[in-house]
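Asks: sequence? don't have it. structure:
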C-alpha cells in the first residue's frame, strides 16, 4: 500500500489515514467509525452522521466495492460499485485536488470534495 492509494484487498483500519501526494488532503478512518476527507483545515466529507465505535475499517474488495466493516464482520457502509460480473481491479486514490476517487480504469465513485 502506498501512502495515497488502496488497492484490491487492502484495508484502511480505524485510526489510520491516507494522504494525497502533496500532503494537503487526508482520507481518514476515524476512531468514531466514520470515514472522512479533510483539507484546508476542515472536514469536507463524512460517510455517515452516526458515530459507531465498533468499526474495523474500510476495504477495497475484489468485486470493486469499497466497504466499511464493523468488528463482527458486518458491512455498515459501501460505495455500491461492485462489478456486475465479479472481480475487477479497483484503486482508491487520494488526490491533490481534494477528491477521493475509486477507479476501475475510469472513475466509478468519488467523495465529490474537489477544491475550488
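Replies: Thanks, I have it. What you see is a predicted model; the values in this text were computed from it and never measured. Numbering: from 1, shown residues only.
Asks: First-to-last residue distance for stretch 82-93?
Replies: End-to-end distance for stretch 82-93: 17 Å, by Cα to Cα, to the nearest Å.
Asks: quick one: average pLDDT of that stretch?
Replies: Taken as a whole, stretch 82-93 has a mean pLDDT of 87.
Asks: and that stretch, how far from the chain's centre?
Replies: The chain centroid and the centroid of stretch 82-93 are separated by 14 Å under Cα atoms, centre = their mean, to the nearest Å.
Asks: Confirm for me that residue 39 is in contact with residue 26.
Replies: Yes. Counting by Cβ atoms under 8 Å, residue 39 touches residue 26, with 7.2 Å between them. All C-beta spots, glycine's among them, are computed from the backbone N, C-alpha and C.
Asks: Which one's more surrounded, these two?
Replies: The neighbour count for residue 39 versus residue 26, taken as other Cβ atoms under 10 Å, is higher for residue 39 (21 against 17).
Asks: just for this structure, where's the confidence low?
Replies: 1-2, 49-51 (pLDDT under 70).
Asks: ok, which stretches of it are strands?
Replies: Listed in chain order, the strands of the chain (DSSP state E) span 5-7, 11-13, 17-19, 25-29, 35-39, 42-46, 55-60, 66-70, 75-78, 91-94, 100-104, 106-110.
Asks: As a markdown table, those strands with distance to residue 116 would be great.
Replies: Supplementary listing: those in a markdown table, determined by distance: least, Cβ to Cβ, whole Å:
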| stretch | distance to residue 116 |
| --- | --- |
| strand 5-7 | 24 |
| strand 11-13 | 26 |
| strand 17-19 | 20 |
| strand 25-29 | 14 |
| strand 35-39 | 11 |
| strand 42-46 | 11 |
| strand 55-60 | 27 |
| strand 66-70 | 25 |
| strand 75-78 | 27 |
| strand 91-94 | 18 |
| strand 100-104 | 17 |
| strand 106-110 | 16 |
